[in-house]
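K.L.:
Here is my input, please return the structure:
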Amino acid sequence: MEKKGDKSEKETEKKPAKKSAKEKPGRKTKWDTVVKPKLKLIEAWCRDGLIEKEICKRLGIAVTTFNKYKKVNEVLRIALQNGKEEVDYMVEDALLKKCLGYTIEEKSTKENKLTGEIITTTTTKIIPPDSTAIIFWSKNRRSDKWNDKRKIEVETNENKEIDYKSMTDDELIEEAKRLKMSDEEVEILLGAK
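P.N.:
Predicted coordinates:
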């Protein structure tokens, strides 16, 4: 008869240690079968302007799975970054080109009906700067100079803020006189309202 503290032969045998996730045989993940083999293609898709949701659709995996892979696989993050950076630079270059204007050469070929000779002519066209592109560039790159919203600061001896937007024009003019503002400052204040 065994006592309570005695262990049987079965219990004293050591159990084999569990295998780690890398050592486990079995089904491979979508990372191994779908994503990893297509890293260069993923980078190219980013260069082509695809967003990550569209990339997931092309790979046939869920966005959540893709995001999980991004968190744990630096090579995927680098591929995405490289593809996006390249296309971002290309877009910036194209925007700058539209801002500054550029020239293009157009070639056209015509056949001389009398002689059958093919005549090639080259025409240089000047594409002028695009004002919309200039505005976009200016507002984003030099917002300190080209922002539509202007910040007007009025220095007073009083430490209170004035909500001039809720004031009528007459109230605003009276307040400006009280603060001894110049006519030019009053005009700016009225125009900003």
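K.L.:
give me the element I126 is part of.
P.N.:
strand 118-127 (DSSP states H and E).
K.L.:
Direction included, what does that strand pair against?
P.N.:
strand 102-111 (antiparallel) (DSSP bridges).
K.L.:
From the chain's centroid, how far away is the strand it pairs with?
P.N.:
Mean-position distance between strand 102-111 and its chain equals 36 Å (C-alpha atoms, centre = their mean, to the nearest Å).
K.L.:
contacting residues around it?
P.N.:
E117, I118, I119, T120, T121, T122, T123, T124, K125, I126, I127 (C-beta atoms under 8 Å, 6 or more residues apart in numbering). (C-beta placed from N, C-alpha, C; glycine too.)
K.L.:
what about the fifth one, how many residues close to it?
P.N.:
Neighbourhood size, T121 [other C-beta atoms under 10 Å]: 9.
K.L.:
Give me the distance between it and T103.
P.N.:
Using C-beta to C-beta, to the nearest Å, T121 is found at 16 Å from T103.
K.L.:
tell me the angle of the longest helix along the chain relative to strand 102-111?
P.N.:
Taking DSSP state H as the assignment, the helix of the chain that covers the most residues is helix 74-100. Following axes from the mean of the first three to the mean of the last three C-alpha atoms, to 10 degrees, one obtains 80 degrees for the angle between helix 74-100 and strand 102-111.
K.L.:
tell me which residues in helix 74-100 are buried?
P.N.:
L76, A79, L80, G83, K84, L95, K98, C99 (16 or more other C-beta atoms under 10 Å).
K.L.:
and of the residues you listed, the nearest to T132?
P.N.:
Nearest to T132 out of these is K98 (C-beta to C-beta; 8.4 Å).
K.L.:
If I look at that closest one, what pLDDT would I see?
P.N.:
Looking at K98, its pLDDT stands at 93.
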